[in-house]
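In: no FASTA, just this:
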C-alpha cells in the first residue's frame, strides 16, 4: 500500500501531496485550487534499474528553513527571504526524493548515493498533469509567424479568451492585437498570426538559440516540444511558471505537449563528440542513447513550479535563484554596469574624420563616448578576431586610461578545448569579461562547458555573458561572475528580418523568460517607431514602440550588465535621453511588482541606495494608471519623469521629461501611448 505524505508552504496556502508505493507521484493545490494532479517522478538508468518504482520509504525527514540570502550581484533584491518547508524521503535502493514548498512555488529533486563512478541516465520521467485545459504562453523558436496554435471554434475556449478572467483580447495584446483594435481586426507587423494554425517549421527543439516568441495557446492544443520557462494560467487566474534550477552535469529539461491536459519532460541526448571546426556554431557529430553519464552520488536538478495569485507576483519571483547552489567564491570584485556596444548599430557612427567600422579608431571613439557619459564598459563584438584593422590590446589600454573596461565577444568554438589558453591571453591584455556566443545547445556536454567557462573566467576575475544560450538555471548564483544570459528574442532581431519584437512581446517577456533570471535583451533604441512605421533595417536599425518604452526597459529588465545598444552619434544628438538612461543602475536592493498582465502591460518599482525607480510599459494599447507611492518612507522625493510625448502615437521618438515633488501619500499618474512606456527616478530631497 502506498504511503501518503503532505507538505505545506509556510503560509499554508500551497499543499503538496506525495504518494510513494508502486510509483512516486506529487500533486499540488493552491488556495484549495488544484494546480497539478498526481504526476510521476522517475529516473531510468542504463543498467535497467528504474528509480521511482516499487518504492519503499526507509525514512521521511521533514524540516523547515527561515533564513536570508545575501546576494552578491542583486538582480532583483540585495536580500532574499529563504523560507520553506521541506520533506526528504529516503528510499530503499540508495536514493532519495526531496520536496520543498515555498510561499511562491514548489519543487522536487532526486538524490542518489550509488558507489558507481559513472551511471548512465537513459531518461527522466516528469509529468505535469493539469486538471483542465489551462491557458499557456507556449514558446516557439519560429521566426516571422509569431504565435502558436489557437482553437477558434464556438465550442472551444480560446487561449486567454472570453471564458478566462483576462478576457477581451486577441492573443496577448489589445483586442485585435493592434491599437484600439476590435476583435478580428487586422494583425500588425507580424504580432499575431491568423487563428487556427501553427506553421510546421520547427527545427530541433534542443539545438537552437532559445530565443522564443510566446504564443497564446491551450495546453491540450500543442504537441510540440519547447524549452522553459513555461507560463500557465488556470481558469481561476492563478499563475504558474515551470522552471528548473541547479542544473549541473545534466541536460536542460524541455516539455512536450501531448494533445491532452498533460505535459511531459523531454531531454536532449548526450553528445559524445562535438565538431568545432568550420563554423562558429559547431556541430554534433555523434549522440548517445542516454541523456547523461554522470556520477553515482549526486543531487539532480530541481523541477520547480512558480506559483502566484496574479501576474504581478511573477515580477518579483526568484525561485530559480533560491533553489540554486550558493556562491562558490567572494564576488566583491564583480562590477555590474552599463555597456556601450557596436554590433546592433553596425559601428555606423558619423560626423568623424575616419572611416567607421571594426577598427581601432572606431573603438577608441566608443571609449571616449563611454568615458564622457560614465558608462562602465565597451563590448567589442564579432569581427575583431584575426582582424588586423583592430588592435585589441591597444584599445583595452586606451580604455584603462579613460576608466572604461572592455569585454570581448567570442564564439564558443573559439574556446572549446582551449579555455585556459584563450582566457589567459584576454586577461593579460586587460580585458574584464567575455561574451560567449553561438552555443545553441542544452545537452550535458554544453551544460558542463558553461560551468567550465564560469570556473575559468572567475579564476581570472572576468565577467561572463552567455549568448546563443539556454535560459538561466542557477549557475549565476554559484558563479556570480556569470552576469547575463541571452536566451531571449531581443532587440537585435529588429535588424535581422523579424517583426516579432513588438511591444506586446516586450511585456510578455517579463512574465515568461525573465522569471528564470537575467536576460540580455539589449535595449536602448534611439530610432523608435510608432505603430505601422517599423522597418527591419540592418545598418540603421529601429525598434517598435516609443522612446519611453525603451527607457522603461532599463528599470524593468533584469540585467546586471545592460547594453546601451544604439549608435553613440545618435545618443549624443539626443543628450537628455542618454543622460536619463545613464542615471539608471543595473542592480537593485529591492523590487516590487505593482501591476501587470502578460502581453498587455507591466508596472514595477525598484530601489537602489536611497533612490527609487518606477518603470511601466504597455502593448499597442494606450493605458492610464494611478500608482500609489506607499512603498516610500517619510521623506520628500523629487520625481524626474520620462514619459511619452503628446504626439508619440504618430512619432515614436516623441517624449517629455517633467519633474515634481512627491511623498508616500501621493499617487503618480501614468499615461502611456500606443507601444508606450513611462519611467520615474525618485531622489530624496534634502
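Out: That came in fine, so what should we check first? The shown structure was predicted, so the numbers you read here are calculated from the model rather than taken from an experiment.

In: what residues go with each domain of the chain?
Out: 3-131+263-323, 490-517+533-551+587-686 (automatic domain parsing).

In: let's have these in CSV, adding mean neighbour count.
Out: Every residue, glycine included, has its C-beta placed from N, CA and C. Putting those into CSV (neighbours: other C-beta atoms under 10 Å) gives the following:
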stretch, mean neighbour count
domain 3-131+263-323, 18
domain 490-517+533-551+587-686, 21
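
In: and the average pLDDT for the helix ranked longest in the chain is what?
Out: The longest helix of the chain (DSSP state H) is helix 444-459. Confidence over helix 444-459 (mean pLDDT, whole number) is 98.

In: does anything pack onto it? Which helices or strands?
Out: Contacts of helix 444-459 with other secondary structure elements, assessed using 3 or more C-beta pairs under 8 Å, 6 or more residues apart in numbering; DSSP states H and E, are made with strand 271-275, strand 292-294, helix 419-429, strand 433-437, strand 463-466, helix 475-478.

In: thinking again about what came up before, closest one to residue 565 among the domains of the chain?
Out: Nearest of those to residue 565, taken as C-beta to C-beta: domain 490-517+533-551+587-686 at 6.2 Å.

In: can you name the residues that contact the nearest residue to residue 602 once chain neighbours are set aside?
Out: Once flanking residues are discounted, residue 602 sits nearest to residue 596: 3.7 Å by C-beta to C-beta, 6 or more residues apart in numbering. For residue 596, the set of contacting residues under the criterion of C-beta atoms under 8 Å, 6 or more residues apart in numbering consists of 311-312, 314-315, 507, 510-511, 602-604.

In: hang on, residue 483 is in a strand, isn't it?
Out: Yes: under the criterion used here (DSSP: H, G, I helix; E, B strand; the rest coil), residue 483 sits inside a strand.

In: pLDDT score for it?
Out: Residue 483 carries a pLDDT score of 98 in this model.

In: next up, the contacts around it.
Out: Residue 483 sits next to 73, 334, 336, 433, 463-465, 476, 518, 560-561 when contact means C-beta under 8 Å, 6+ apart.

In: state the distance from the residue nearest to residue 602 to residue 75.
Out: Taking C-beta to C-beta, to the nearest Å as the measure, residue 596 and residue 75 are separated by 18 Å.

In: repeat for residue 346
Out: The value you get for residue 346 to residue 75, if C-beta to C-beta is used, is 30 Å.

In: kindly report the same for residue 582.
Out: The separation that residue 582 has from residue 75, given C-beta to C-beta, amounts to 20 Å.

In: ok, which stretches of the stretch 451-600 of the chain are helices?
Out: Taking DSSP state H, counting those that start in this stretch as the test, the helices found in the stretch 451-600 of the chain are 475-478, 503-509, 547-556, 568-573, 575-581.

In: in JSON lines: the ones you listed, plus distance to residue 671.
Out: Conversion of the helices of the stretch 451-600 of the chain to JSON lines gives the following (distance: least, C-beta to C-beta, whole Å):
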{"stretch": "helix 475-478", "distance to residue 671": "36"}
{"stretch": "helix 503-509", "distance to residue 671": "15"}
{"stretch": "helix 547-556", "distance to residue 671": "10"}
{"stretch": "helix 568-573", "distance to residue 671": "26"}
{"stretch": "helix 575-581", "distance to residue 671": "18"}
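
In: possible to save those helices as a markdown table with distance to residue 527 and mean pLDDT?
Out: Supplementary listing: the helices of the stretch 451-600 of the chain in a markdown table, determined by distance: least, C-beta to C-beta, whole Å; pLDDT from 0 to 100:
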| stretch | distance to residue 527 | mean pLDDT |
| --- | --- | --- |
| helix 475-478 | 32 | 98 |
| helix 503-509 | 15 | 98 |
| helix 547-556 | 9 | 98 |
| helix 568-573 | 7 | 98 |
| helix 575-581 | 12 | 98 |
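
In: circling back to that earlier point, and the contacts of residue 596, which is closest to residue 26?
Out: Using C-beta to C-beta, the shortest approach to residue 26 within these belongs to residue 314, at 21.9 Å.

In: residue contacts, the closest residue to that closest one other than its chain neighbours?
Out: Here the nearest residue to residue 314 in space, its sequence neighbours aside, is residue 511; by C-beta to C-beta, 6+ apart that works out to 4.9 Å. By C-beta under 8 Å, 6+ apart, the contact list for residue 511 reads 137, 231, 239, 241, 311, 314-315, 596, 598, 602.

In: same deal with residue 347?
Out: Under the criterion of C-beta under 8 Å, 6+ apart, the contact partners of residue 347 comprise 356-358, 362.

In: need the max-distance pair from these.
Out: In these, the most distant members under the criterion C-beta to C-beta are 356 and 358, with 9.2 Å between them.

In: what bridges to the residue lying closest to residue 272 once chain neighbours are set aside?
Out: Nearest in space to residue 272, with sequence neighbours left out and distances taken as C-beta to C-beta, 6+ apart, is residue 286 at 4.4 Å. For residue 286, the beta-bridge partners are residue 273 (DSSP bridges).

In: so which strand or helix has residue 365?
Out: helix 360-372 (DSSP states H and E).

In: equivalent analysis for residue 307, please.
Out: Secondary structure assigned from DSSP H and E places residue 307 in strand 302-308.

In: which helix or strand lies directly C-terminal to that strand?
Out: With elements assigned by DSSP H and E, the helix or strand that comes after strand 302-308 is helix 319-323.

In: where does the stretch 501-650 of the chain have low pLDDT?
Out: By pLDDT under 70, the stretch 501-650 of the chain contains no weakly predicted segment.

In: ok, now the stretch 101-250 of the chain?
Out: 142-203.

In: quick one, strands of it?
Out: Listed from the start of the chain, the stretch 101-250 of the chain has strands (DSSP state E, counting those that start in this stretch) covering 105-113, 119-129, 135-140, 213-218, 225-227, 230-233, 239-245.

In: what about the strands in the stretch 551-686 of the chain?
Out: Taking DSSP E, counting those that start in this stretch as the test, the strands found in the stretch 551-686 of the chain are 561-564, 590-597, 601-608, 611-618, 623-628, 637-644, 655-662, 667-672, 677-684.

In: can you put those strands in a markdown table and add distance to residue 302?
Out: Compiled in a markdown table, the strands of the stretch 551-686 of the chain are given as follows (distance: least, C-beta to C-beta, whole Å):
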| stretch | distance to residue 302 |
| --- | --- |
| strand 561-564 | 26 |
| strand 590-597 | 22 |
| strand 601-608 | 26 |
| strand 611-618 | 30 |
| strand 623-628 | 35 |
| strand 637-644 | 39 |
| strand 655-662 | 42 |
| strand 667-672 | 37 |
| strand 677-684 | 35 |
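
In: which among those strands is found nearest to residue 307?
Out: Comparing these by their distance to residue 307 (C-beta to C-beta), the top pick is strand 590-597, with 14.3 Å.

In: list the neighbouring strands of the closest one plus their orientation.
Out: Using DSSP bridges, strand 590-597 pairs in its sheet with strand 601-608 (antiparallel).

In: how far off strand 611-618 does the strand it pairs with point, in degrees?
Out: Relative orientation of strand 601-608 and strand 611-618, computed by axes from the mean of the first three to the mean of the last three C-alpha atoms, to 10 degrees: 170 degrees.

In: going forward can the numbers begin at 51, since that is how I track them
Out: I'll keep to 51 as the first residue from here, and by that count the last item is strand 651-658.
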